[in-house]
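> Sequence and predicted structure below; questions after.
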2 protein chains.
Amino acid sequence: MDMDRLMQSLRIGINEKIYVKDPESSDLGKRIVEQSILMINEMGFESFTFRKLGNRIGSNESSIYRYFENKHKLLLYLTSWYWGWLEYKMVFATNGIANKVEKLKKAVEILTQTVEKDNSFSHIDEIKLNEIVINEYSKSYLTKEVDQENKEGYFEIYKRLVQRLSEMIVDVDGEYPYPSSLASSILEGSLHQYFLKEHFPMLTNCDDKVTPTQYIADLVSRTLNTA
Amino acid sequence: MDMDRLMQSLRIGINEKIYVKDPESSDLGKRIVEQSILMINEMGFESFTFRKLGNRIGSNESSIYRYFENKHKLLLYLTSWYWGWLEYKMVFATNGIANKVEKLKKAVEILTQTVEKDNSFSHIDEIKLNEIVINEYSKSYLTKEVDQENKEGYFEIYKRLVQRLSEMIVDVDGEYPYPSSLASSILEGSLHQYFLKEHFPMLTNCDDKVTPTQYIADLVSRTLNTA
DNA sequence: TACTAATTGATAGTATTACTTTTATATTTG
DNA sequence: CAAATATAAAAGTAATACTATCAATTAGTA
């Protein structure tokens, strides 16, 4: 489709303080990003190390440190990229919709649905990156350094996304008193339901047939008065 | 009050596989639990080590290993204790309530409100433990070992709590299609709102005046049909 | 009280992690 | 072609997450 080509020329603007050297600026950088996604997905964030990544991409540990200070920053980079990518998808998908209710519905759908194959960014596997976000995103902000890192703007993209969603909620129901809380719950809650579906099926009603998207969409429609 | 004394004699039954030696069985064990709560709260889970804890309690690293295999297991112990404690509080508080809607309302209140001083268990600071749960609980299950550990029953208490809540939701609105998802969202969502309130105030409507409990209670009442 | 068992403490040791530093070798660019 | 820049290789450091050994206490019991 056409959006694919459009997105190929788009670059996701990530806070420059997150990396030492822009990984998009070289072949090695791209391999670091590409393979780190695969490795974190395979072995989990705690087992993943720059040494292992170096071995895998036939490069040296010290070379990777020239792109990212540490693996925490790399995780911030990957998740920022993911939220930026989702933001684009959401903005494009909802752009032409005049009806506020339909617009919000579409946004919720884009933000909570399973990620499908997307070849726009050749070296990034969005499906696996989505899995990383489900399993590891919380670890990027549940730290003692969160306030400092927030001040430095490391979570800008995510915050902007929540705010956009919050605005759409206000547009639908200006009387609803908790638009920001609902917006953050939609994103976080969706990730959580995907996790539960996989590991704690008894704690969710989502399964092969019922998606987290359906649960969240239903929750939103029950919660807001679409007068 | 009377519940305080009742709870003093109650022991929270934690899966024996979580510890090597029951920390409730000795003075050292209790100091490990007591001081680990304070330390994890102060420095965060990643910076916390058994060596540091040993120094603080004037004991040896190797002695701590006789109680817990590693700090991950200690976190599982602390969070299991917390959920077990909350479960008791919820069961007691809702026990006499005949009206299903009121009962659920009370349960949500207990499960999502800020923890207050509780002297029932002398060596455990429930307020700080609640803060640990807000900041670290996700890390206890967002691991590659989650399925194995779940099989071994390490998350039993939390699962039971979600199920109890889910049953109350069914009692209120038997037609609602996502009782388990809603129950898990109440617990997880509440923790998340507390976190946002502290670190990302723009992403929540909760603040000094509006509590996560109010947001969640409102969400539940809008979602369920209390016919 | 005296013996035994269990608990705790002290010390040291290992493998791994998370880096940093230095120096050499490619590769790119002006 | 020279100069700058990027990458690779190797080694080193401090901390972590344990494990093992053995000595010193303490507790339980005959």
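That came in fine, so what should we check first? What you see is a predicted model, and the numbers here were worked out from it, not measured in a lab.
> Counting neighbours, what do you get for the spatially closest residue to residue A:84 that is not a sequence neighbour?
Nearest residue to residue A:84 in three dimensions, chain neighbours excluded: residue A:12, at 3.8 Å (Cβ to Cβ, 6 or more residues apart in numbering or on different chains). All C-beta atoms are positioned from the backbone trio N, CA, C, and that covers glycine. When neighbours are counted by other Cβ atoms under 10 Å in any protein chain shown, residue A:12 registers 17.
> what do you get for residue A:17?
That count, for residue A:17 with other Cβ under 10 Å as the rule, works out to 13.
> burial count for the closest residue to it other than its chain neighbours?
Excluding its sequence neighbours, the residue lying closest to residue A:17 (Cβ to Cβ, 6+ apart) is residue A:152, at 5.5 Å. Neighbourhood size, residue A:152 [other Cβ under 10 Å]: 13.
> isn't residue A:125 right next to residue A:36, touching?
No - checked against Cβ atoms under 8 Å, the pair residue A:125 and residue A:36 is beyond contact range at 10.9 Å.
> higher neighbour count, these two?
Legend: neighbour count by other Cβ under 10 Å for residue A:125 and residue A:36, higher for residue A:36 (26 against 18).
> ok, now which ones touch the more buried one?
By Cβ atoms under 8 Å, 6 or more residues apart in numbering or on different chains, the contact list for residue A:36 reads A:48, A:53, A:74, A:78.
> Then residue A:11?
So residue A:11 contacts residue A:24 (Cβ under 8 Å, 6+ apart).
> Could you look up the SS state of it?
Recorded secondary structure, residue A:11: coil (DSSP: H, G, I helix; E, B strand; the rest coil).
> give the contact list for the closest residue to DNA strand C within chain A.
Among all residues of chain A, residue A:70 sits closest to DNA strand C, at 2.9 Å; criterion: Cβ to the nearest atom of the strand. Neighbouring residues of residue A:70 by Cβ under 8 Å, 6+ apart: residue A:50.
> Quick check on it: phi, psi?
phi -170, psi 180 (degrees, to the nearest 10).
> after the lowest-mean-pLDDT helix or strand in chain A, next one along is what?
Across the helices and strands of chain A, mean pLDDT, DSSP states H and E gives its lowest value to helix A:2-8, namely a mean of 56. Beyond helix A:2-8 on the C-terminal side, the first helix or strand identified by DSSP states H and E is helix A:27-43.
> near DNA strand C, which residues of chain A?
Taking Cβ under 7 Å from any atom of the strand as the contact definition, chain A meets DNA strand C at A:47, A:49-51, A:61-62, A:65, A:69-72.
> do that again at 10 Å, thanks
A:20, A:25-27, A:43, A:45-54, A:60-66, A:68-74 (Cβ under 10 Å from any atom of the strand).
> starting at the chain centroid, how far to the biggest helix by length in chain A?
Ordering each helix of chain A by length in residues (DSSP state H) puts helix A:71-94 first. Centroid separation for helix A:71-94 versus its chain: 5 Å, with Cα atoms, centre = their mean, to the nearest Å.
> and it, does that touch DNA strand D?
No - counting by Cβ under 10 Å from any atom of the strand, no contacts exist between helix A:71-94 and DNA strand D, the nearest distance being 13.9 Å.
> buried set for stretch A:135-150?
A:135-143, A:146, A:149-150 (16 or more other Cβ atoms under 10 Å in any protein chain shown).
> ah, wrong one, I meant stretch A:27-39
Those buried within stretch A:27-39 under the rule 16+ other Cβ under 10 Å are A:28-37, A:39.
> same question, stretch A:45-65
A:45-46, A:48, A:50, A:53-54, A:57, A:59, A:64.
> what's the answer for stretch A:191-207, then?
Neighbour count says stretch A:191-207 has A:191-197, A:199-200, A:203-206 buried, by 16+ other Cβ under 10 Å.
> If we check chain B, which of these are in contact?
Among the buried residues of stretch A:191-207, the ones lying near chain B by Cβ under 8 Å from any Cβ of the partner chain are A:192-193, A:195-196, A:199-200, A:203-206.
> Would you point out the most distant pair within the buried residues of stretch A:45-65?
A:46 and A:59 (21.9 Å; Cβ to Cβ).
> picking up where we left off before, the residue nearest to residue A:84 contacts residue A:79, correct?
No - shown here, residue A:12 and residue A:79 do not form a contact pair, counting by Cβ under 8 Å, at 11.5 Å.
> where does chain A dip in pLDDT?
A:1-9, A:118-121, A:227 (pLDDT under 70).
> and residue A:150, what does it touch?
Listed by Cβ under 8 Å, 6+ apart, the contact set of residue A:150 reads A:141, B:199-200.
> element containing it?
Secondary structure from DSSP H and E places residue A:150 in helix A:146-151.
> Cross-reference the buried residues of stretch A:135-150 with the strands and report the matches.
Judged by DSSP state E, the buried residues of stretch A:135-150 include no members of strands.
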